[in-house]
Structures are given as C-alpha cells and as structure tokens.
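Novice: Quick one, structure for this:
(one chain, ligands or ions: 1)
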Amino acid sequence: MKNLVKAFLALMITVGFLNAQPIEQNGNKNGYDVKLTSEKSLIVGNNDFIIELSKDGMAITDAKVKLKVFMPEMPGMPYMEFTDKAKLVDGKYKLMINFSMAGTWQYQLKFKTADNEVHTLRGSVNL
Ligand SMILES: [Cu+2]
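Specialist: As a prediction, this is how the structure comes out:
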C-alpha cells in the first residue's frame, strides 16, 4: 500500500512537472495590445510577471501598470487578493504576484496611459 502511494505521488509530481509551463495571455483594450507572461510556470508563492504594452505595433513604455489577482470567498475560505505595481525594466513592465493557494485566480490588469486614461483588462489564470 505504501508503495502504491509513493508511485501515485511520483506520478502526480511528474504530471505536474510536464504541465509546468509559463503562461502567456494576449489581450486588447481600447486599441492597446497587452501581453501578460510569467517568467516560469505558476506556483503557490512568488511569481514574476512581465507585461508588454503596445499600440499600433509601437511599445508603450510610459504607462503605470498594476496587476491585482483575487479569489472570491468560498466555504471555509476567505476572499484573497494580491496587488503589485510594475517597474519598467528594458521596456517591459515587471511585477511579482504571490498566490496564497492553488486554484483559479481572477485578475485585473490596470494601466494608466500618458493621457491619464485608466484601462482595465480582466482575465484569469490557473495554478
Ligand atoms: Cu481560494
């Protein structure tokens, strides 16, 4: 029985490893193209994200970008959220998100452009 449990755990770890890929999501809001990628596969804990903004093929590097992730309240589990503001590094926006548990997380990606307009893109990720 113990061996069976060990074999099952090994299988689960292998499947998890094979599924482990960085995420990439593309969206468009008000004419802005938004690309959200993770540096690695998503994990419970800290995750580095890269956000690229462009309009008509031109990179937008003067926006203020932030990402909020949240999970609704569920039985036995409170509402959870985490927000970070991006820093511009080599023309791309970088930020770190801490996921406190596995599951589906909704996100709101907000970016304020030079014209003071705030744009919000919504989506979700799984881990
Ligand atoms: Cu949860």
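Novice: For the rest of this, base every contact and every neighbour count on C-alpha atoms.
Specialist: OK.
Novice: Can you classify residue 8 by secondary structure?
Specialist: helix (DSSP: H, G, I helix; E, B strand; the rest coil).
Novice: Flag the shaky bits of the protein, pLDDT-wise.
Specialist: 1, 13-19 (pLDDT under 70).
Novice: And the strands in it?
Specialist: Ranges of strands in the chain, per DSSP state E, are 22-29, 32-41, 45-55, 58-59, 64-71, 80-85, 87-89, 92-99, 104-112, 118-126.
Novice: Now render those strands as TSV, adding distance to residue 4 and mean neighbour count.
Specialist: Below are the strands of the chain laid out as TSV (distance: least, Cα to Cα, whole Å; neighbours: other Cα atoms under 10 Å):
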stretch	distance to residue 4	mean neighbour count
strand 22-29	31	13
strand 32-41	28	17
strand 45-55	29	17
strand 58-59	53	12
strand 64-71	34	20
strand 80-85	36	16
strand 87-89	47	15
strand 92-99	31	20
strand 104-112	30	18
strand 118-126	28	14
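Novice: Figure out which of those strands is closest to residue 11.
Specialist: The minimum distance between residue 11 and those falls on strand 32-41, with 18.4 Å, by Cα to Cα.
Novice: so what strands line up beside that closest one?
Specialist: When sheet partners are counted by DSSP bridges, strand 32-41 sits next to strand 22-29 (antiparallel), strand 45-55 (antiparallel).
Novice: Among the strands of the chain, single out whichever gets nearest to residue 10.
Specialist: Among the strands of the chain, strand 32-41 sits nearest to residue 10 (Cα to Cα), with 19.0 Å.
Novice: angle of the closest one against strand 104-112?
Specialist: 130 degrees (axes from the mean of the first three to the mean of the last three Cα atoms, to 10 degrees).
Novice: Same list (the strands of the chain) but as CSV, adding distance to residue 5.
Specialist: Formatted as CSV, the strands of the chain follow (distance: least, Cα to Cα, whole Å):
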stretch, distance to residue 5
strand 22-29, 29
strand 32-41, 26
strand 45-55, 26
strand 58-59, 51
strand 64-71, 31
strand 80-85, 32
strand 87-89, 45
strand 92-99, 28
strand 104-112, 27
strand 118-126, 26
